[in-house]
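**Student:** got a sequence here, can you build the structure:
(chains A and B)
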Amino acid sequence: MFTPELQIFIAGSLIAAAGGMLGSFALLRRMALVGDALSHVALPGIALGILLNFNLFLGAGIFLILGTLGIWAVEHKTKLPVDTLVGVFFTLALAVGALITPEEEILDALFGDITKISQLDFWLAVMGSLIIVALLLMFSKRFTLSLISPDLASSAGFRPHLLELAFLLIFALTVAVGIKFVGALLMGSLIIIPAATSRNIARSMNQYITLSAVLGVLGAILGILISRFYGFPPGPAFVLFAGALFFISIFFRR
Amino acid sequence: MPILEVKNLKAAYEKQVVLDNISFSLERGETLAVIGPNGSGKTTLFRAILGAVGYEGDIKISDGTRIGYVPQKIDLERDLPITVKEFLVLRSSAAPSGRWQAGHSPEEALKAVDLTPIFLNKRIGELSAGELQRVLIAWAVSGHPDLLLFDEPTASVDVAGQRTVYELLHKLQDEHNLALILISHDLTVVYRYANKVLCLNREQICFGIPNEVLTPAELAKLYGGDRKFYHHVHA
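**Tutor:** Coordinates of the predicted model:
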């Protein structure tokens, strides 16, 4: 249906759009670095997928969901700050991942390579990204209200604690989808950089969310193009390009 | 039947008890003032009514009651990219209980708190404390509440603004027969606007009609020491 070339652009753009949109909420919730941390939680899943020869997306997804539920439950129980818990969980996972990932695969796991996606990966990326975008649009008002004030959200009949879980699970799904593109080490860039750039220029929430997604797509397309011409892996090329846009946006900060 | 009935309420953070043995009730159209020193559990009482903190005892809210809440303050980053208009419609389709009805647009919600439509496109992070408080009131009122909780509603509003806020509350109450609970440090406000008063200092010191229960002895017990309290009577 799509040529392999086109598939790479489509998958990369959709993943980046989902990452950018999620990032716009993550940044406002001060959870920017959670993406980086969660991507390391995915690493043992990826390693097991390589070793036991099952789909990496599935391995990453299972570890991410377990990790996310673990973080959420321990946070609720102990009231420790999320970043402390995420820090503990992700270094543990990274250690396990480093021990069991086969040496020849470690670069792909850490930096990703979207040019190597299979037919199944392509469809998983497309479906996953579309689901993330749909969920974020559906929950957008609730997430926004509860980040302004959880008590106001309670007064409107929402349950901020469950919204937090929903957000973490969408976050985990985004990381599972994105890790094939930019890899575990650069996953944070997909979430943080387009949203940070957008925040510098956007004047309203609608603009901010839309622009985060658009900048993600722009970065993905140009990153993949650059990688074609110069033979870089596309993940780092995306980060370089998105980073450059961020520095330019500083001059337009309102 | 009371719109809100609280019986033997107890709330604690970790192991520290912040509210103990609180019982009171409120009917539609009534105003209850909650007074007490800092750290006496007033805001926790609100959060328990909202269901935002765990508690023991009973809080009965009559069926179908919509609750509006105006927090004392919210911490916003200045560059938060959310406009006043976006904030005011956050509950519209999102909230299960509050819907915009005909004639209740964001413009009208702002007008009700004496803010011009120019504010619609401002970001909520750039508002002054007083402006933000009015926007928060507009937000709470736009959900058509039956029970309105105000946490020190005029703490960041100047004196002229305070009067408008209380007059606005009074007007809303008359029009919609709201039940109103307000936390206040200002005894003048209590005598002037409240039918009932609840004195809190982690436990319940008094509850009843202000003129009857706010005796110098009770106030000394509430705030401690032998401070003098004057009751200004307004003509």
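
**Student:** packing partners for the helix or strand bottoming out on mean pLDDT in chain B?
**Tutor:** Across the helices and strands of chain B, mean pLDDT, DSSP states H and E gives its lowest value to helix B:159-176, namely a mean of 76. Here helix B:159-176 touches helix B:129-142, strand B:147-151, strand B:179-183, helix B:187-193, going by 3 or more CB pairs under 8 Å, 6 or more residues apart in numbering or on different chains; DSSP states H and E. C-beta here means a position set from N, CA and C on the backbone, and glycine is covered the same way.

**Student:** just send the ones you listed back as JSON lines, with mean pLDDT too.
**Tutor:** Putting the helices and strands packed on helix B:159-176 into JSON lines (pLDDT from 0 to 100) gives the following:
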{"stretch": "helix B:129-142", "mean pLDDT": "86"}
{"stretch": "strand B:147-151", "mean pLDDT": "90"}
{"stretch": "strand B:179-183", "mean pLDDT": "91"}
{"stretch": "helix B:187-193", "mean pLDDT": "83"}
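
**Student:** TSV for those, including mean neighbour count and distance to chain A?
**Tutor:** Shown next, in TSV, are the helices and strands packed on helix B:159-176 (neighbours: other CB atoms under 10 Å in any protein chain shown; distance: least, CB to the nearest CB, whole Å):
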stretch	mean neighbour count	distance to chain A
helix B:129-142	22	7
strand B:147-151	25	7
strand B:179-183	24	12
helix B:187-193	18	21
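
**Student:** before we move on, what SS does B:Leu32 have?
**Tutor:** When classified by DSSP: H, G, I helix; E, B strand; the rest coil, B:Leu32 comes out as strand.

**Student:** tell me if I'm right that it and B:Tyr193 touch.
**Tutor:** No - using CB atoms under 8 Å as the test, B:Leu32 is too far from B:Tyr193 to be in contact (10.2 Å).

**Student:** pull out the buried positions in stretch B:214-226.
**Tutor:** Of all the residues in stretch B:214-226, those buried under the rule 16 or more other CB atoms under 10 Å in any protein chain shown are B:214, B:218-219, B:222-223.

**Student:** ok, B:Thr116 to B:Lys171 distance?
**Tutor:** Applying CB to CB, to the nearest Å, the value for B:Thr116 to B:Lys171 is 19 Å.

**Student:** flag every residue of chain B that's near chain A.
**Tutor:** B:14, B:46-47, B:50-52, B:67-69, B:71, B:74, B:76, B:79-83, B:86-87, B:90-91, B:93-98, B:121, B:123-124, B:139-140, B:143, B:149 (CB under 8 Å from any CB of the partner chain).

**Student:** are any of these buried, and if so which?
**Tutor:** For the residues of chain B next to chain A, a neighbour count by 16+ other CB under 10 Å gives the buried set as B:46-47, B:50-52, B:67-69, B:71, B:76, B:80-83, B:86-87, B:90-91, B:94-95, B:97-98, B:123-124, B:139-140, B:143, B:149.

**Student:** from the residues you listed, which land in strands?
**Tutor:** In strands, defined here by DSSP state E, the members of those are B:67-69, B:149.

**Student:** closest to chain A among these?
**Tutor:** Chain A lies nearest to B:Tyr69 out of those, by CB to the nearest CB, at 3.6 Å.

**Student:** run a quick neighbour tally on the closest residue to that closest one other than its chain neighbours.
**Tutor:** Spatial nearest neighbour of B:Tyr69, excluding adjacent residues (CB to CB, 6 or more residues apart in numbering or on different chains): A:Ser155 at 3.6 Å. A:Ser155: 33 surrounding residues under other CB atoms under 10 Å in any protein chain shown.

**Student:** got a list of what A:Ser155 touches?
**Tutor:** The neighbours of A:Ser155, taking CB atoms under 8 Å, 6 or more residues apart in numbering or on different chains as the test, are B:50, B:67-69, B:140, B:143, B:149.

**Student:** now those residues as JSON lines including distance to A:Ala202?
**Tutor:** What follows is the contacts of A:Ser155, written out as JSON lines (distance: CB to CB, whole Å):
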{"residue": "B:Leu50", "distance to A:Ala202": "31"}
{"residue": "B:Ile67", "distance to A:Ala202": "32"}
{"residue": "B:Gly68", "distance to A:Ala202": "29"}
{"residue": "B:Tyr69", "distance to A:Ala202": "28"}
{"residue": "B:Ala140", "distance to A:Ala202": "27"}
{"residue": "B:Gly143", "distance to A:Ala202": "27"}
{"residue": "B:Leu149", "distance to A:Ala202": "33"}
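
**Student:** good, wrapping up.
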